[in-house]
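[1] have a look at this prediction, sequence included:
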Amino acid sequence: MSGHMSHSPGRGGEDEPTALVRRLRPAAGRTSGRERHDEKVTVYVSPEELVAIEQARLVLRAEHGIAVDRGRLIREAVAEMLIDLGAHGADSVVVSRLRSP
């Protein structure tokens, strides 16, 4: 296995990662955002990254009226990264960031 994601179209003409993320994201207004998740991933972050995440939560609440917990915020960030990677591959933000020293 080469280690990078295939860009072969899945059902509906979308790349598999993009199709998967779209299935995971509910339509706007259909849920409160609170839902049960059966799988768990532990991620360690620096103190500065944790403060940045908390600041993002406060900005979302204060400036946009969106109350969200850290888990939801991080799941949304991951979903956006997967969409970008599926759509842009080598030109995606995550590839660029991971290639940088």
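    Sure thing, it's come through. Numbering: from 1, shown residues only.

[2] from here on, contacts and neighbour counts on C-alpha atoms
    Will do.

[3] pLDDT weak spots in the chain?
    Per-residue confidence of the chain (counting by pLDDT under 70) places the weak regions at 1-34.

[4] now stretch 44-52: buried residues?
    For stretch 44-52, the buried set under the neighbour-count rule, 16 or more other CA atoms under 10 Å, is empty.

[5] then that stretch to PDB, C-alphas only?
    Output in PDB follows, covering the C-alpha atoms of stretch 44-52 (Å, rounded to 0.1, in the frame of the first residue of the first chain):
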ATOM      1  CA  TYR A  44      -2.600  15.200  23.200                       C
ATOM      2  CA  VAL A  45      -2.200  18.900  22.500                       C
ATOM      3  CA  SER A  46       0.100  21.500  23.800                       C
ATOM      4  CA  PRO A  47      -1.100  24.100  26.400                       C
ATOM      5  CA  GLU A  48      -1.100  26.700  23.600                       C
ATOM      6  CA  GLU A  49      -3.200  24.500  21.300                       C
ATOM      7  CA  LEU A  50      -5.700  23.900  24.200                       C
ATOM      8  CA  VAL A  51      -6.000  27.700  24.800                       C
ATOM      9  CA  ALA A  52      -6.500  28.300  21.100                       C
END
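
[6] what are the contacting residues of it?
    Identification of contacts with stretch 44-52 by CA atoms under 8 Å, 6 or more residues apart in numbering yields no residue at all.

[7] how about a cut-off of 10 Å?
    The contact list for stretch 44-52 (CA atoms under 10 Å, 6 or more residues apart in numbering) reads 53, 54, 55, 56, 57, 58, 70.
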